[in-house]
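Visitor: Any chance you could fold what I've pasted below:
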Amino acid sequence: MKLSTGVEWSLHCCVVLSQSDHPVPAGRLAELHGVSKTYLAKHLQALARADLILPAEGRDGGYALTRAPGAITVLDVVQAVDGKEPAFRCTEIRQRGILAAPPEQCVSACGIAKVMAAAEQAWRASLAGVTIADLAATLDINQLKNILAAS
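Guide: The predicted structure follows:
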């Protein structure tokens, strides 16, 4: 499984937003993490489309979480940024080539498809079991809050 860098950036931004008392501008989020504002903006838009963050209008606009950090999972963020498609897509190769099995032998998933589906299910369950609040609990929140308060 390969996730885009946008997933990492988005998770870090969600953790920051979880600790802020006010919307945080995209430029500030990019500055806090030393990342491209333009590239980050694309991912913030994906989070907004998934209703995980809300853009705030006005002179002091920015982004805020749409719900409590304990109600947003890592899986929510991964799916917002990288999509909901499964990592493995079975193409029924077992029905092609010299080793082709007849269609009547292929009415259920083969062992490869089954093991990949089980791995995908375990991976998604693991990510669904961790929230933004859980991630925030692993950081030095006081330092982050001091930086945000100075913004």
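Visitor: for residue 56, what are its contacts?
Guide: Residue 56 is in contact with 23, 62-64, counting by C-beta atoms under 8 Å, 6 or more residues apart in numbering. Using the backbone N, CA and C atoms, a C-beta is placed for each residue, glycine as well.
Visitor: Ignore what I typed, I meant residue 66.
Guide: By C-beta under 8 Å, 6+ apart, the contact set of residue 66 is 51-54.
Visitor: Tell me the pLDDT of residue 1.
Guide: Confidence at residue 1, expressed as pLDDT, is 69.
Visitor: quick one: the residue of the chain most remote from its centre from residue 106, how far?
Guide: The C-alpha centroid of the chain is most remote from residue 98, which lies 41.1 Å away (C-alpha atoms, centre = their mean). The gap separating residue 98 from residue 106 is 16 Å, by C-beta to C-beta, to the nearest Å.
Visitor: One more: residue 13?
Guide: When residue 13 is compared with residue 106 (using C-beta to C-beta), they lie 44 Å apart.
Visitor: pLDDT averaged over the longest helix anywhere in the chain, what's the number?
Guide: Determined from DSSP state H, the single longest helix within the chain is helix 111-128. In this model, helix 111-128 carries a mean pLDDT of 95.
Visitor: Residues contacting it, please?
Guide: Residues from elsewhere that reach helix 111-128, judged by C-beta under 8 Å, 6+ apart: 1, 73-75, 78, 86-88, 90, 109.
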